[in-house]
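Engineer: Here you go, sequence then predicted model.
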Amino acid sequence: MPTGKAPKQIKPTSLDDYLEIMSKAIFQAGMSWQVVEAKWPGTREAFHNFEVSEVAGFDERDLEKLVEDSRVIRNYRKLAAISGNAAKMIQLDREYGSFKKYLRSHGEFDATVKALKKDFKFIGPTGAYFF
C-alpha cells in the first residue's frame with residue numbers, strides 16, 4: 001500500500017531509463033501518482049523493464065494483451081503511445097548521437113516542452129516537467 005511519500009525519482013543512465021520516466025509521466029496524466037506507483041512493479045514487468053527496443057516492437061497483438069493485463073493501467077491510447085514513443089526515442093537517439101543531446105538541443109525549458117509535445121504522444125507541459 002503506498003504511503004504519502006512522493007514517488008522515487010529515476011535518474012536516467014540509459015535510453016531504457018528515459019523511456020521508463022516518460023512512460024510514468026504518461027500514466028500519471030489524469031491519475032493519482034499513488035495509483036501509478038502501486039501498479040509500477042507490474043507495469044515494469046509487463047513492459048519488459050522498459051527495454052526500449054522491445055517496447056518499440058510491440059504490435060497490435062501485444063497492445064491487446066496489455067489492455068487485458070491487470071498489472072497495468074489499461075488505457076489503450078496510452079499503451080500505444082508508449083510503444084510509439086519508444087520508436088521515436090530510438091530515432092532521436094540515433095539522429096542526435098544520444099537522447100540526452102536531443103533534450104539539451106532545445107535550450108530553455110519552454111522550447112524543450114514544445115519539442116517533446118511535437119515529437120511524443122501524451123506529453124504536455126506537466127508531463128514534460130515531471131519527465
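Structural biologist: Yep, it's here.
Engineer: centroid residue for the chain?
Structural biologist: S23 (1.8 Å; Cα atoms, centre = their mean).
Engineer: Wait, that residue touches F50, no?
Structural biologist: Yes - the criterion here is Cβ atoms under 8 Å, and S23 meets it with F50 at 6.4 Å. All C-beta spots, glycine's among them, are computed from the backbone N, C-alpha and C.
Engineer: one step back: can you tell me the closest non-neighbouring residue to the residue nearest to the centre of the chain?
Structural biologist: Once flanking residues are discounted, S23 sits nearest to I82: 4.9 Å by Cβ to Cβ, 6 or more residues apart in numbering.
Engineer: From D110, how far off is that neighbour?
Structural biologist: To D110, I82 is 25 Å away according to Cβ to Cβ, to the nearest Å.
Engineer: more crowded one of the two?
Structural biologist: Set I82 next to D110 and count neighbours by other Cβ atoms under 10 Å: I82 wins out with 27 against 11.
Engineer: What residues of stretch 29-36 count as buried?
Structural biologist: V36 (16 or more other Cβ atoms under 10 Å).
Engineer: other SSEs contacting the lowest-mean-pLDDT helix or strand in the chain?
Structural biologist: Least confident helix or strand of the chain, by mean pLDDT, DSSP states H and E, is helix 125-130 with a mean of 84. Applying 3 or more Cβ pairs under 8 Å, 6 or more residues apart in numbering; DSSP states H and E, we find helix 125-130 packed against helix 15-28, helix 109-119.
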